[in-house]
Each structure stands twice: as structure tokens, then as C-alpha cells.
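# Turn this into a model:
(chains A and B)
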Amino acid sequence: MISPGTFHVVTTELVVGAFSVAGLSFTLCILTHLGILKRPLWATMFDHIAHFTLAFGLAATPFAILSGLSSAPGEGLNSPILVNKMFLSMTGFGFALGCLLSRWRLGNKVWSSTKSLLLHGSSGLAAVGSMLLTASAGGTFARGESLLDMFHLPYEEVLLFPVLISAIGLLLGATMLVLSWKRMNPSSSVH
Amino acid sequence: MKNRIHTTFVLLLLLLCSAFGAAEPGGNGDSIQNMQCGGACHGDASINETSGALLSLSSPATIYLGIPTTLTLTATNLETSNSGLVGLFLLTDMTGHSDTPQDAGWEILSDVNGGAMNYNEQTLDSGQNQTSISWVLRASALGTTTFYAAIHHGGGYSAPFFGTTATGFEVTVQPVPEDLPRLAADFTPPTFRALDTPTELNIQTQFTNAVQFEWKSEDGLLSSSPVNTTGNNSWTISLPAALQPTTIQWRVILEGEGPEQTTPWFTLASEEGSWEVSENAVYLQAIALLFMTAGIVIALQTRITMGANGNDEPGKKYDAGDHI
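Here you go, the predicted model:
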């Protein structure tokens, strides 16, 4: 059996690789739909690639989080970088989940208008950005350096809400999720 | 039927994943622990494996009541996981409860990592198969105490390994001679100091006329520092500031009417203040962020794509309306 550290490296590479391809595909898909990239036939291909790789990365994310917690030295969340990694990965998870559920239930209509395609593409790119930031924070935690160090990101600062605010946020989020889900799946009036 | 297959698949996946997180493979941190960490995987006979490590304890020939002494544990024939992490215990019996030196009336003054714990973790270099660590202890009663050592580590197939000393190591505490120069009975050496500030060490002694202070850094370079007296049997030493997290070891040579005495090496770690956070608040906020972002994305996407009325297109009231 491989150690959690090695398993974390494997799953992290899966997540980062998949999300990177998703980010590239979302960008090209947006450019194609906006007519900036004059390749209309590519739209469907990048749409499929973007969502497949996003789903693949999303499936690998829980394994990356769990193996990361197992392989971290010491007990629990003993570093602000670990806390920020947790926040970033869960935020990215949420963006990716919202993006995939929208695409699944609304189909090609997510690309039907400029507003819609910008929102959909942005949510996919936000998921990718969050995951790449998470990976960068991991590099800073494990090796003390990462590719994004040039931006001097404040990994050492933690924005921790009071428990009550988090609980309200959780309730609001869950309510929005349920109501929107119901709206996307209306019971048919034709019986 | 389909649901059952899905459920079975998920359960199998969870079972397969359980081995990756078995028994704190990333370490548990130094702490006061009994032999099995209160019932950890390493102590569970149904899942652990016997370590091939050979453990042996040693101590000075003479140990006096109330005077710090060193107990050294040497572990050889070590085979660990890829991380090279081993956890070593100093114990006073093998029952798994009330078995720490404190339970037997001994005070731990210093450990190898700069704390005062009976459980210490060490990370071995690749290819290193032996290690040696020391504890500085002080007895509070005369008599004989039997010490044991135990080891927890990982290894092949991620199994939690467990091992102990083959036999107990007996230590006899003798009464201290009347005029023996020594550290004061209530003196407790500091184990941590802050970074970037010089440290003033205050040492209290008994039956001592002069003190020499020696310290060595991690590279083993031995240095000495001047000692100032601040009164009868009270001494101060200034240590240079540590600019990065590191440990030094120090000892004093005590001179008086009785025979000259040299204390054990005490470990003094310098590190940044520990960082703590409420884990429940973090996990709750992380889950809230997940739901909030997913909820906002879906709500906005639904509104923009389907319109405010819930139709497929904004302003369109009926399905297939363009045919009407």
C-alpha cells in the first residue's frame, strides 16, 4: 500500500491536470461562442472536454483533500496555509459542482446567450482558479515555494467567520441549491 | 438493484480508502502518551504488526533523588514507512494506562525535541536504521523504578507497527549527599524560547560556589557563555538570539564544597509561536463556502438561462409558444 503522501501527490496531479485542461477548454469555448475564435465547430468539442475534465477533477478532489489531511505533519489544521487550502478547495468544489449541475440540467442552453455563457464559463474558470491556488498553497506548505509566489499571495492570513455567520451561509447556500434544483426540474404539467 | 450496486461500490471504495488514513501516518506530535496512545491502531492486536526494532535504555550509574538525570533510548534495526517517521515512548509499565514516568513519580524536564514529553517523534533520513534520543528526568522518591520503551511506526502495506523493549530497565534512586553542588529542587529548565530575541536564562542552585555554562548548536559546535551571579545560588546567562527555528542544548558545571557536578544536556527549542484555530469553525465555513458557491452559481445560471418566470427563455410564458 502506498503512503498517504504519495497518494496525495497522485490525486493532486490528477486534480490539477484535469482542472487545467478544463480551464483551457472553458476559455476556448467562451472565445468560440463569443465569435472571437472563428471555429464554430470547436464549440461542442471544447464544451464536452471542459465538462468531462471538470467532472474528472471533481471526482478526484475528495481523495486529494483526505490524503492531504492524512499526510500533513502534526495533528489537525496547525497551519494557516492548511486552512486556506481547505477553504480554497471547497470553494473550487462548489464552483465546479454548480457549473456541472447547471450544464447537466440546463443542457446547451447555458451557452445560448452572452450573459449565460459568460456566467457559465466564469464559474468553470473560478473552479479552476480555486483549485490551482490550492495546489500553489500546497507547494508553499510542503516546499516553501510555488509558481504563484510572484503574486505574494497572503496564504498566512486566514479569514475565519464566526460560527453563526458560517451556519447562516450554509443554510442560505443549501436553500439556494434546493430551490434552484427544483426550478431546473419542474414537474411536468402534462400528465 | 442498481442502487444496491452503487451502495456496494461506494462502501468498497470507502473500505479501500481506510488504509490510507490508518493510525495517524503523518504523525501525532510530541505529547504525554501511554503505551497505546489511549487505544490507537498501533496498539490494536487485530491490525498491528510487530516491529523488528531493537530498543535499549541506558542511564548514568548513579542517580540521586531530586537531581536531573538522563535516560537514553537507542533504537536499532529500524524499518519505517517512506516518511521515515517513528514515535518513541518512555514508559514505566506495560499496562497501557497510568504508565508514564509522571505516574511513577518522575518529572520529565526536557526531551530531545525541546519539550517535556514522554512520546517523541523522530524523522529518519533515507537509509538510516537507528536512532538515539534522551530524556532528562528528576525522581521525586527513593527506590527502584522499572522503565520500558515502546515504538510506533509505519512500514510496508501501511500497517501500523508496534514494538517494546524486551525487558524492563531498572533504575535505583539514591539519597543525595548533603553538600553536593546541584540544581535547586524546584528549578525547571525552560524548553522553548521566542525567535529573534536574546534569552536570559535564570538558574537556581544549591551548595554551589561557581557555575560554568556550556551550550551546543545542532551542528555539535560547543560554546560557553559567561555566567553572572544575582545572589546566593542564583545565576543568569545570556544566550544569543535564534534567527530561525532550531534547538540548542545546554548544561552547567557546578562547583562547590562537594565533588564537581555536571548536569545533563537540556534541550532548548526556538520556534515561532504555535498557531491554533477552531477546527469545527474551519470545517463549517469550508462546507458553507461549498454550498454558497454551488448555490449562487446554480441560482444565477437558472435565472439567466430560464428567465425570472422559470421559462426556458426570458419573456417566454409557455412551452412551444412559438407554434401558437
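
# So, low pLDDT: which residues of the stretch 201-324 of chain B?
B:273-274, B:308-324 (pLDDT under 70).

# can you give me the helices in it?
Secondary structure of the stretch 201-324 of chain B by DSSP state H, counting those that start in this stretch: the helices cover B:279-306.

# how about the residues of it near chain A?
B:274-302, B:304-306, B:310, B:312 (Cβ under 8 Å from any Cβ of the partner chain). C-beta coordinates here come from the backbone N, C-alpha and C atoms, glycine included.

# From these, list the buried ones, please.
Taking 16 or more other Cβ atoms under 10 Å in any protein chain shown as the criterion, what is buried in these is B:277, B:281-282, B:284-302, B:304-306.

# A:Ile30: helix or strand, and which one exactly?
helix A:4-33 (DSSP states H and E).

# For that helix, what does the pLDDT average out to?
The average pLDDT within helix A:4-33 is 90.

# Contacts only, for the most centrally placed residue in chain B.
Compute the mean C-alpha point of chain B, and by Cα atoms, centre = their mean the closest residue is B:Asp30, 1.2 Å away. Applying Cβ atoms under 8 Å, 6 or more residues apart in numbering or on different chains to B:Asp30 gives the contacts B:Asp111, B:Asn113, B:Gly115, B:Met117, B:Tyr119, B:Asn120, B:Glu121.

# Please tell me how far it sits from A:Ile81.
21 Å (Cβ to Cβ, to the nearest Å).

# How about stretch A:77-85 and chain B, touching?
Yes: judged by Cβ under 8 Å from any Cβ, stretch A:77-85 and chain B are in contact via A:Leu77, A:Asn78, A:Ser79, A:Pro80, A:Val83.

# picking up where we left off before, reformat the contacts of B:Asp30 as TSV; add distance to B:Ala166 and secondary structure.
Formatted as TSV, the contacts of B:Asp30 follow (distance: Cβ to Cβ, whole Å; DSSP: H, G, I helix; E, B strand; the rest coil):
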residue	distance to B:Ala166	secondary structure
B:Asp111	23	coil
B:Asn113	26	coil
B:Gly115	27	coil
B:Met117	24	coil
B:Tyr119	20	strand
B:Asn120	21	strand
B:Glu121	23	strand
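
# could you pull out the helices for chain A?
A:4-33, A:42-71, A:80-106, A:114-143, A:163-184 (DSSP state H).

# Of those, which stretch is the most buried?
helix A:80-106 (a mean of 24; mean count of other Cβ atoms under 10 Å in any protein chain shown).

# could you check the angle helix A:114-143 makes with it?
150 degrees (axes from the mean of the first three to the mean of the last three Cα atoms, to 10 degrees).

# now helix A:80-106 and helix B:279-306, what's the angle there?
30 degrees.

# Count the residues that sit near B:Met94.
13 (other Cβ atoms under 10 Å in any protein chain shown).

# Name the nearest residue to it, sequence neighbours excluded.
B:Tyr148 (5.7 Å; Cβ to Cβ, 6 or more residues apart in numbering or on different chains).

# how close does the nearest residue to B:Gln130 once chain neighbours are set aside sit to chain A?
Ranked by Cβ to Cβ, 6+ apart and with sequence neighbours excluded, the top spatial neighbour of B:Gln130 is B:Thr76, at 4.2 Å. According to Cβ to the nearest Cβ, to the nearest Å, B:Thr76 stands 23 Å off from chain A.

# what pairs with B:Thr76 across the strands?
B:Leu54 (DSSP bridges).

# Contacts only, for it.
B:Ala53, B:Leu54, B:Ser56, B:Asn129, B:Gln130.

# where does the fourth one land in three-state SS?
Pointing back at B:Asn129 there. Under DSSP: H, G, I helix; E, B strand; the rest coil, B:Asn129 falls in the coil class.

# Contact partners for the residue lying closest to it once chain neighbours are set aside?
Closest residue in space to B:Asn129, ignoring its immediate chain neighbours: B:Leu78 at 4.7 Å, by Cβ to Cβ, 6+ apart. B:Leu78 sits next to B:Ala53, B:Val86, B:Leu124, B:Gln128, B:Asn129, B:Gln130, B:Thr131, B:His153 when contact means Cβ under 8 Å, 6+ apart.

# Give me the three-state assignment for B:Leu73.
Strictly by three-state DSSP, B:Leu73 counts as strand.

# Spatially, what comes nearest to it if we skip its sequence neighbours?
Nearest to B:Leu73 is B:Ala149, by Cβ to Cβ, 6+ apart, at 4.8 Å.

# Could you measure from that neighbour over to chain A?
22 Å.

# Hmm, B:Leu54 and that residue touching each other?
No: the pair B:Ala149 / B:Leu54 is not scored as a contact, 10.5 Å apart, by Cβ atoms under 8 Å.

# For the two, work out which one has more neighbours and name it.
Neighbour totals were compared for B:Ala149 and B:Leu54, and B:Ala149 leads with 24 against 15 (other Cβ under 10 Å).

# Could you pull up phi and psi at the spatially closest residue to B:Met117 that is not a sequence neighbour?
Sequence neighbours aside, B:Asp30 is the residue nearest to B:Met117 in space, at 4.3 Å (criterion: Cβ to Cβ, 6+ apart). The phi/psi pair for B:Asp30 (degrees, to the nearest 10) reads phi -60, psi 140.

# For the spatially closest residue to B:Gln174 that is not a sequence neighbour, list the residues it contacts.
Distance criterion Cβ to Cβ, 6+ apart; nearest residue to B:Gln174, sequence neighbours excluded, is B:Tyr64 at 5.7 Å. By Cβ under 8 Å, 6+ apart, the contact set of B:Tyr64 is B:Val173, B:Gln174, B:Pro175, B:Val176, B:Pro177, B:Leu180, B:Arg182.

# pLDDT score assigned to B:Tyr64?
91.

# What separation do you get for it and B:Val176?
When B:Tyr64 is compared with B:Val176 (using Cβ to Cβ), they lie 4 Å apart.

# which SS class is B:Leu57?
Classified using three-state DSSP, B:Leu57 is strand.

# give me every residue that touches A:Arg103.
A:His51, A:Val110, A:His120.
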